[in-house]
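Student: Based on what follows, work out the 3D shape:
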Amino acid sequence: MTGQDAGVAPPCVFCEIVAGEAPAHVVLDDDVAVAFLDVRPLFPGHVLLVPRPHVVTLPELPAGQVGPLFERAQALPRRWSTASAPASAPLCPGISSLGDSPCHPATRFAAAGLPDSAAMAVILVTGANSGIGRAAAVHLAAAGHTVFGAMRDLGKGDKLHHEAEAAGATVTPVALDVSDDASVRAGVQQVLDAEGRVDVLVNNAGLGYNAAVEDVDIADGKEVFDVNYWGVVRCTQAVLPAMREQGSGTIVNVSSIAGRLAALMQAVYASSKWALECLSENLAQELAPFGIRVKVIEPGVTRTALLAKHQDLRADSVYADAYRRMFAMYATGIEANVRPSVVAEVIQQAIDDPSARLRYACAWAGEQLADGRAGISDEEWIALGAAASDDEYFDRFERAFGLDIRAGDLRTDEQKAAGR
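Tutor: Below is the predicted model of the structure:
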């Protein structure tokens, strides 16, 4: 059943141009149309072709029946292209008004600042050789985007290549060290030379660092800021001239839930993420007049190599109890086994989201930690650090955040017997 069969207006101008005698919809089960060729005028002479399957309901279809068929629609072949058409080209028949649904793909992609070509977005992901960056690059490429995966050492890109290949996607590797001005400029220029634009920058490259303030190595702390904060500034500065000229773009900054609270024994790392949160708020205001959006991703605990690199309990430190309690939380989160792919999905959701929403807490404990810190006083936060034993700390932590982290208890039997 097509729009014509449903007794509505003839196919739109765009359907006639692209498909000729073919209708604009693929039909499933006699009562559901999957819009591959939904159309919306964007610029004079161009219309947007929705670049992924989307189920639209016809009047006869109860809304509750859409979900089960959407997964089937996703398996159908994808088609996208641009075509010249009058700027007043009407919507395809049978489709609800775009203005009625902010989640409609055509509305979503237009508001997201994606190009007026259906080649999808050109996306640059930093830190793409591992963890969240690799998962995001593969996920976005598999969704049809043109993705460049930036990394400091191209020799470490084998896993990225193999995972992309397994997903039936291609990620183009780019040598880019976010701590080096010249390297950043050269890496971004490589993308611009290849595609002529950068639609989305995912600032993901980052360093972890655990230390009480008294234990901080200043040189190490500066390196963390050079990557986690100044690296974002460098990459953002490099892409903004092209985005401003385009009149569109999206900057996605991968922060951390540690950017929302002073994570125990992570003063330097958390401070770098707090700084990134501030930078993102400023950028969002500065870039709004240019049609460029900013999104902040705030993962809780995910199972990545970054955690494995920073598991020194520092048993000889006067802050050994605090180190152990911090790792108890992370050990519990690691047991939850939240994979980087979960964060990658949130990154895509943020890119697709046309709203002005800035922050996206995700992964294990992300929302609980953000909401919990906002819900307790500074005095209660300080009292958490003053807990005399791990058991008392676990109790206070659960009351504050609704999270039981006892499964990550790292005390020895002797320490438990001593009431530590």
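Student: C-alpha from now on. contacts and neighbour counts both.
Tutor: Noted.
Student: now the strands for the stretch 301-420 of the chain?
Tutor: Along the stretch 301-420 of the chain, counting by DSSP state E, counting those that start in this stretch, strands occupy 359-362.
Student: tell me the contacts of Gly187?
Tutor: Listed by Cα atoms under 8 Å, 6 or more residues apart in numbering, the contact set of Gly187 reads 150, 174-176.
Student: and what of Val184?
Tutor: Shown in contact with Val184 (Cα under 8 Å, 6+ apart): 176-178, 234-235, 238.
Student: For the closest residue to Val213 other than its chain neighbours, give its distance to Gly333.
Tutor: In this structure, Val213 finds its nearest non-sequential neighbour in Ala267, 6.4 Å apart by Cα to Cα, 6 or more residues apart in numbering. With distances taken as Cα to Cα, to the nearest Å, Ala267 is found 20 Å from Gly333.
Student: that older thread, who wins for neighbours among the contacts of Gly187?
Tutor: Among the contacts of Gly187, Ala150 has the most neighbours (other Cα atoms under 10 Å), with 32 neighbours.
Student: beta partners for that residue?
Tutor: When assigned by DSSP bridges, Ala150 has beta-bridge partners Val174.
Student: what's the distance between it and Ala238?
Tutor: 14 Å.
Student: And Ala387, by the same measure?
Tutor: 46 Å.
Student: likewise Asp390?
Tutor: Counting by Cα to Cα - Asp390 and Ala238 are separated by 47 Å.
Student: now Phe148
Tutor: For Phe148, the distance to Ala238 - Cα to Cα - is 15 Å.
Student: And those two? Which one has more around it.
Tutor: Applying other Cα under 10 Å to Phe148 and Ala238 shows that Phe148 carries more neighbours, namely 27 against 18.
Student: Can I take it that the more buried one is in a strand?
Tutor: Yes. Counting by DSSP: H, G, I helix; E, B strand; the rest coil, Phe148 falls inside a strand.
Student: I'd say it and Gly127 touch.
Tutor: No. Counting by Cα atoms under 8 Å, Phe148 does not reach Gly127; the two are 10.8 Å apart.
Student: which intervals of this structure have sub-threshold pLDDT?
Tutor: 1-119, 305-313 (pLDDT under 70).
Student: pull the longest helix from it.
Tutor: Identified as the longest helix of the chain according to DSSP state H is helix 267-287.
Student: Go through that helix and flag the buried ones.
Tutor: 267-277, 280-281, 283-284, 287 (16 or more other Cα atoms under 10 Å).
Student: Those residues: which two are farthest apart?
Tutor: Using Cα to Cα, these span at most 29.7 Å, a distance reached by Ala267 and Leu287.
Student: Show me where the stretch 201-350 of the chain has its helices.
Tutor: In the stretch 201-350 of the chain, the segments counted as helices under DSSP state H, counting those that start in this stretch are 218-228, 230-246, 267-287, 305-308, 320-335, 340-352.
Student: In JSON lines: the ones you listed, plus distance to Gly144.
Tutor: Formatted as JSON lines, the helices of the stretch 201-350 of the chain follow (distance: least, Cα to Cα, whole Å):
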{"stretch": "helix 218-228", "distance to Gly144": "28"}
{"stretch": "helix 230-246", "distance to Gly144": "21"}
{"stretch": "helix 267-287", "distance to Gly144": "26"}
{"stretch": "helix 305-308", "distance to Gly144": "27"}
{"stretch": "helix 320-335", "distance to Gly144": "31"}
{"stretch": "helix 340-352", "distance to Gly144": "12"}
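Student: so which of those helices comes closest to Ala143?
Tutor: So among the helices of the stretch 201-350 of the chain, helix 340-352 is nearest, using Cα to Cα, at 9.1 Å.
Student: what comes into contact with stretch 393-413?
Tutor: With Cα under 8 Å, 6+ apart, stretch 393-413 has contacts from 324-325, 327-332, 365, 368-369, 371-373, 375-376, 384-385, 387, 420.
Student: Using ChimeraX, define a selection of the buried residues within these.
Tutor: To isolate the buried members of these in ChimeraX, using 16+ other Cα under 10 Å:
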select :324,325,327,328,329,330,331,332,365,368,369,372,373,384,387
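Student: and this protein, what are its domains?
Tutor: Taking automatic domain parsing as the reference, the chain has its domains at 13-95, 122-305+338-364.
Student: remind me, longest strand of the chain?
Tutor: strand 292-299 (DSSP state E).
Student: what's the burial count for the spatially closest residue to Ala270 that is not a sequence neighbour?
Tutor: In space, Ala270 comes closest to Ala258 once its chain neighbours are excluded; the distance is 5.0 Å by Cα to Cα, 6+ apart. Applying other Cα under 10 Å, we find 23 other residues in the vicinity of Ala258.
Student: Adjust the sequence numbering to begin at 51 for everything that follows.
Tutor: Okay, residue one is now 51; in that scheme the one you just asked about reads as Ala308.
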